[in-house]
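J.: Model the following, please.
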Amino acid sequence: MSKMEMTSLAEGYHALVIGASGGIGRAFCEAIADDRCCGGLDRLSRRDDGFEITDETAVAAAAAELADTRFDLILCATGALHIDGVGPEKTIRAVDAGAMSNQFTVNAIGPALVMKHFLPLIARDRRTIFACLSARVGSIGDNHIGGWMSYRASKAALNQIVRTASIEARRKLPRLSLAALHPGTVATSLSEPFAAGNRRVEAGDAADNMLSALNGIAEGETGLFLAYDGSRIEW
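T.: You can find the predicted model right below:
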C-alpha cells in the first residue's frame with residue numbers, strides 16, 4: 001500500500017488520471033486511492049472507457065461529462081514507444097513518415113487535446129497540479145547519444161506544449177503547476193523490450209516517486225520538466 005500523501009493539495013482533493021489502465025496510470029490510481037488526503041478520484045482510459053486521447057470528439061465529450069467537477073490534480077499518464085509494431089529508430093536512415101506521424105499524434109497531439117479540454121476543469125481558488133508523462137529522452141540539451149528520433153522529437157514537442165500552455169494558463173490559474181514528468185525506467189510493457197541489463201523500478205514505486213516530486217513543487221511554480229526524484233531536467 002502506498003504511503004504517499006499529497007499534502008500540498010487541499011484536504012479532500014479531487015484527482016483525475018487519464019490513461020488509467022496503463023502500467024503507470026494504474027499505479028497512479030492505486031497510490032491516489034490510498035492517499036487519506038484524497039476525496040475523489042476519476043479515471044479515464046481506452047481499455048475501460050473507450051477514451052481515445054487522439055480523438056478530439058471523444059476528449060471533448062469526456063470533459064463535458066466531468067464539467068461539474070473541479071479538479072485539484074490531473075495526471076495525463078499516456079504515451080507510446082511502440083506503435084503498430086514499429087519501435088524506435090537506431091538511425092535517421094530508418095525514419096518513416098507514417099511512424100513518425102503516429103508518434104507525434106499519440107505523444108504530443110493527444111496530450112495537447114487533453115490540456116485544451118481539461119484545463120478549464122482545474123479549480124481556480126486553490127493550489128492545483130496538472131502533469132503529463134514525458135521522458136528524459138525528450139530533452140534536447142540532455143541528448144548525448146542520439147537515436148530514437150521520432151520518439152525523442154514527439155516528447156520534445158510535448159515538453160514545448162506543456163511549457164507554452166503553462167504561460168497561457170498562468171493568467172487564469174495563477175495557483176496551478178503544469179509539468180512534464182520523467183518517470184524513470186519503469187517495469188511496464190513500454191520498457192520491456194529494453195529491460196536487459198537495465199535497472200527498472202516497479203510501477204508503484206515510480207508513481208509514489210512522481211507524486212512526491214509533484215508534491216514538492218511550490219504553489220504556482222509552473223512550466224517545469226521534472227524528474228521522478230524532484231530534480232529539474234534541461235529542456
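J.: give me the number of residues near P88?
T.: Using other C-beta atoms under 10 Å, P88 has 18 other residues around it. Quick note: C-beta positions are derived from backbone N, CA and C, even for glycine.
J.: if I pick the residue nearest to it when sequence neighbours are not counted, what's in contact with it?
T.: Closest residue to P88 in three dimensions, ignoring its sequence neighbours and counting by C-beta to C-beta, 6 or more residues apart in numbering: W148, at 3.9 Å. Applying C-beta atoms under 8 Å, 6 or more residues apart in numbering, we find W148 in contact with P88, E89, K90, V137.
J.: got those as CSV, with distance to C76, secondary structure and pLDDT columns?
T.: Formatted as CSV, these follow (distance: C-beta to C-beta, whole Å; DSSP: H, G, I helix; E, B strand; the rest coil; pLDDT from 0 to 100):
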residue, distance to C76, secondary structure, pLDDT
P88, 21, coil, 96
E89, 25, coil, 96
K90, 28, coil, 94
V137, 18, helix, 96
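J.: Greatest separation within the residues you listed: which pair is it?
T.: K90 and V137 (13.4 Å; C-beta to C-beta).
J.: Of these two, which one has the most company?
T.: Applying other C-beta under 10 Å to K90 and V137 shows that V137 carries more neighbours, namely 18 against 11.
J.: Tell me if I'm right that that one and S150 touch.
T.: No - look at V137 against S150 with C-beta atoms under 8 Å: they stay out of range, at 11.1 Å.
J.: Give me the next element, helix or strand, following the helix or strand hosting G40.
T.: If you go by DSSP states H and E, G40 is part of strand 38-44. Where DSSP H and E defines the elements, the next helix or strand beyond strand 38-44 is helix 46-49.
J.: buried stuff in that following helix?
T.: By 16 or more other C-beta atoms under 10 Å, the buried positions in helix 46-49 come out as R46.
J.: Ok, stretch 142-159 next?
T.: For stretch 142-159, by 16+ other C-beta under 10 Å, it's W148, M149, S150, Y151, R152, A153, S154, K155, A156, A157, L158, N159.
J.: Then stretch 102-111?
T.: Those would be N102, Q103, F104, V106, N107, A108, I109, G110, P111, for stretch 102-111 by 16+ other C-beta under 10 Å.
J.: cool, stretch 202-219 as well?
T.: In stretch 202-219, counting by 16+ other C-beta under 10 Å, buried: 203-215, 217.
J.: Looking at those residues, spot the one nearest F130.
T.: Nearest to F130 among the buried residues of stretch 202-219, with distances taken as C-beta to C-beta, is L214, at 9.7 Å.
J.: Done for today, thanks.
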